[in-house]
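Enquirer: predicted model and sequence below, questions to follow.
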Amino acid sequence: MKALIFTTIILVQAGFSFGQDSTGTSEWFRSKSLPELCDTFRTDKCPDRHNFLEVYEPLFEPMRDDSIRFFEIGILTGLSHLMWVNYFQNAEVFGIDIKDYSAAAAGSGIQTFVADQSNRQDLYAFMRASGANFDVILDDGGHAMDHQQISLGCMFQAVKPGGMFIIEDVHTSLPEFYPDSSFHVDRLETNTTLLMIEAFIRTGKIYSEYMLPVEAEYLEQTIDRIELHYLFNERHSIVCVIHKKEAIEPR
Ligand SMILES: C[S@@+](CC[C@H](N)C(=O)[O-])C[C@H]1O[C@@H](n2cnc3c(N)ncnc32)[C@H](O)[C@@H]1O
């Protein structure tokens, strides 16, 4: 409950500053790169933390003014979603979270839904309600192995041809640096998302105990290429960008 109240305050303050502050006009936001937007939207994607924005800026800049559909899993303070709304000024921005942030997000331009990223029924309900067909899906949810792999397997079909699915915090696959049981890495570390991605890069095959065979097969047929970025910072940050083929053959 405390977290929800905190979120509401941050969203309302940020929303208030958009229209009132001379440095907060849409032109001002449009003139800033993603790392520069960190002065306003201090998420853990920023240069002083995981620094994923260094990877995203060259990926996202060419589509910055397009009418894209952008969807991020994991809302919390709402700051990253607010950053997307202000960076992609012609985009539709969607978010899901296991908690309900709809009241906090009201009036922000962000479309929020309650869904558990590890539950296929929830994900299918979200895809139907939102219309799916996303240019970008970004997973910054619970970062558990099963959650990451179920979300990818179930929702890669919701990425447009030529679009991308990004998995943040792939470093949670490394218990040496992230020894947290909530990430569900098994004792032999054979179930990790990092291992699954590295195996795909080497073999073109998806091995995941959490995906349905039809999901793994769809990924093998429709992934164009994968970028795996090791940020080499003190957090050992890793992010993975999975590009979908431009032309998808009918199943
Ligand atoms: C790292 S925070 C998101 C931060 C936000 N994207 C940002 O950059 O400001 C992770 C969020 O994922 C949510 N979450 C955790 N497990 C989840 C699940 N199984 N399904 C959906 N959301 C989940 C949490 O409630 C939390 O709000």
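Expert: Thanks, I have the structure now.
Enquirer: name the residues of the stretch 1-150 of the chain found near the ligand, please.
Expert: 43, 45, 72-77, 79-80, 96-99, 116-118, 140-142, 147 (CB under 6 Å from any ligand atom). Quick note: C-beta positions are derived from backbone N, CA and C, even for glycine.
Enquirer: sort out which of those residues are in helices and list them.
Expert: Among those, the members falling in helices (DSSP state H) are 79-80, 147.
Enquirer: ok, of those residues, which come out buried?
Expert: With burial judged by 16 or more other CB atoms under 10 Å, the buried subset of these is 79-80, 147.
Enquirer: closest to the ligand among those?
Expert: Nearest to the ligand among those, counting by CB to the nearest ligand atom, is S80 at 3.3 Å.
Enquirer: do you know how far the closest one is from P179?
Expert: Look at S80 and P179: by CB to CB, to the nearest Å, they are 26 Å apart.
Enquirer: cool, and G162?
Expert: 38 Å.
Enquirer: more neighbours: which of the two?
Expert: Neighbour totals were compared for G162 and P179, and G162 leads with 13 against 9 (other CB atoms under 10 Å).
Enquirer: ok, the more buried one - contacts?
Expert: By CB atoms under 8 Å, 6 or more residues apart in numbering, the contact list for G162 reads 243-246.
Enquirer: how near is it to the ligand?
Expert: For G162, the distance to the ligand equals 24 Å [CB to the nearest ligand atom, to the nearest Å].
Enquirer: element containing that residue?
Expert: strand 159-167 (DSSP states H and E).
Enquirer: pairing partners for that strand, with directions?
Expert: Sheet partners assigned to strand 159-167 using DSSP bridges are listed as strand 134-139 (parallel), strand 238-244 (antiparallel).
Enquirer: for Y210, give me its contacts.
Expert: 145-146, 149-150, 153, 191.
Enquirer: pick the one among those closest to Y56.
Expert: Within the contacts of Y210, the smallest distance to Y56 is 22.0 Å, found for Q149 (CB to CB).
Enquirer: do you know the pLDDT at E227?
Expert: At E227, the pLDDT value in this model is 98.
Enquirer: what's across from it in the sheet?
Expert: Beta-bridge partners, per DSSP bridges, of E227: V241.
Enquirer: confirm V214 sits in a strand?
Expert: No - under DSSP: H, G, I helix; E, B strand; the rest coil, V214 falls outside any strand and is assigned helix.
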